[in-house]
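**Q** Provided below for reference: sequence and predicted model.
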Amino acid sequence: MLELTNVTRRFGANTAVDAVTVSIPQGQMVGVIGRSGAGKSTLLRMINRLIDPSDGSISFGDKQVSAIKGRELRDWQRDCAMIFQQFNLVPRLDVLTNVLLGRLNHRNTILNLLNIFSAEERAQALMALERLGIEQTALQRAGTLSGGQQQRVAIARALMQSPKVILADEPIASLDPLNAKIVMDSLKDINERDGITVVTNLHTLDTARTYCERVIGMFHGKVVFDGPASDLTSDAVKMIYGSTAENEISEAITSTSIKESSETEKAPAMSLASAEIASPA
Ligand SMILES: Nc1ncnc2c1ncn2[C@@H]1O[C@H](COP(=O)(O)OP(=O)(O)O)[C@@H](O)[C@H]1O
Ligand SMILES: [Mg+2]
């Protein structure tokens, strides 16, 4: 169980996250939605301790996540893998090495590490890539891959951490609909088959509805909705996106027609729900 109690984060006079209290049982798939600036990224970053809460506490089982330091904190950050909108791979390194870095994501001197990966770790990394359908890219430089492929590498890297929780911050916001579907399907599969808790910030309502058993809606740092996706009535949606903004609750905010990406691997516009899974190229 991941428990947040009155978690608050201030930046100067601005309260980015305001007294958030939620309990997330192990193995749940949770979508966090809300406008830009609602506090979604700050919330995820506090869970992973990339930033510290100003107030409140975070715990995971017996572990007081918000109080740990040093070795214990590094262990937690390994248990709690992060996936970012911009993938955060090392573009000049090959894909396999990027995945292996999931094993050692707390060290800095990459070159020093290259020869200490065991054959077993390499095999494990290849299996993670295979699971994501991109094992054939193992020896390519990560920077040469399409965005969708890069995000799958990032998920493989997260799997190498053997995490208990995956935190994904708008993992599909830079992807075309087809790749968005592949990435969300992968996260769902990892959630269901491995029992890993997934907490993902999502820009689009439809995606949260399609993939997440539980949706947390944030507005101005506060949780204004917390429940099953089926309870997301239009009133709930107005609370999350702002009651005065009915006209602005447009395609841009709620639809899955994700903005044009600069990817070479373009897919025709289609909704996530209807997108077919192509065999991963
Ligand atoms: N490092 C920071 N320094 C100052 N203000 C920040 C910082 N990070 C986030 N904020 C502010 O906190 C609020 C919430 O931001 P964020 O968590 O990024 O929201 P979201 O991810 O929902 O778009 C915003 O007002 C943002 O400007
Ligand atoms: Mg954000």
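**A** That came in fine, so what should we check first? Ligands and ions are numbered 1, 2, ... in the order given.
**Q** And Glu276, what's its pLDDT?
**A** In this prediction, Glu276 carries a pLDDT score of 30.
**Q** before we move on, what about Ser118?
**A** Reported pLDDT for Ser118: 80.
**Q** Next one: Glu121 from Ala229, what distance?
**A** Going from Glu121 to Ala229 by C-beta to C-beta, to the nearest Å gives 38 Å. Quick note: C-beta positions are derived from backbone N, CA and C, even for glycine.
**Q** what does Val95 give?
**A** Distance, Val95 to Ala229, by C-beta to C-beta: 34 Å.
**Q** which of those two has more neighbours?
**A** Ranked by neighbour count (other C-beta atoms under 10 Å), Val95 and Ala229 place Val95 first, with 29 against 17.
**Q** Work out the gap between stretch 61-74 and the centre of the chain.
**A** 21 Å (C-alpha atoms, centre = their mean, to the nearest Å).
**Q** Write out the residues of the stretch 1-150 of the chain neighbouring ligand 1.
**A** Counting by C-beta under 6 Å from any ligand atom, the positions of the stretch 1-150 of the chain adjacent to ligand 1 are 11, 14, 16, 34, 36-42.
**Q** Smallest distance to ligand 2 belongs to which residue of the stretch 1-150 of the chain?
**A** Ser41 (3.1 Å; C-beta to the ion).
**Q** wait, is that residue part of a helix?
**A** Yes: counting by DSSP: H, G, I helix; E, B strand; the rest coil, Ser41 is located in a helix.
**Q** beta partners of the nearest residue in space to it that is not next to it in sequence?
**A** Excluding its sequence neighbours, the residue lying closest to Ser41 (C-beta to C-beta, 6 or more residues apart in numbering) is Asp169, at 5.4 Å. Asp169 has these beta-bridge partners by DSSP bridges: Phe84, Asn201.
**Q** what number of residues lie near Asp169?
**A** Neighbours of Asp169 (other C-beta under 10 Å): 21.
**Q** Do a quick rundown of the strands in the stretch 151-281 of the chain.
**A** Counting by DSSP state E, counting those that start in this stretch, the segments of the stretch 151-281 of the chain that form strands are 165-169, 197-201, 214-219, 222-228.
**Q** Switch those strands over to a markdown table, and while doing so, append distance to ligand 2 and mean pLDDT to every line.
**A** Below are these laid out as a markdown table (distance: least, C-beta to the ion, whole Å; pLDDT from 0 to 100):
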| stretch | distance to ligand 2 | mean pLDDT |
| --- | --- | --- |
| strand 165-169 | 6 | 98 |
| strand 197-201 | 6 | 98 |
| strand 214-219 | 10 | 97 |
| strand 222-228 | 16 | 96 |
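**Q** between these, which gets nearest to Ala142?
**A** Ala142 lies closest, by C-beta to C-beta, to one member of the strands of the stretch 151-281 of the chain: strand 165-169, at 18.2 Å.
**Q** Contacts (any at all) between ligand 1 and that closest one?
**A** No: between strand 165-169 and ligand 1, judged by C-beta under 6 Å from any ligand atom, nothing touches; the nearest distance is 7.3 Å.
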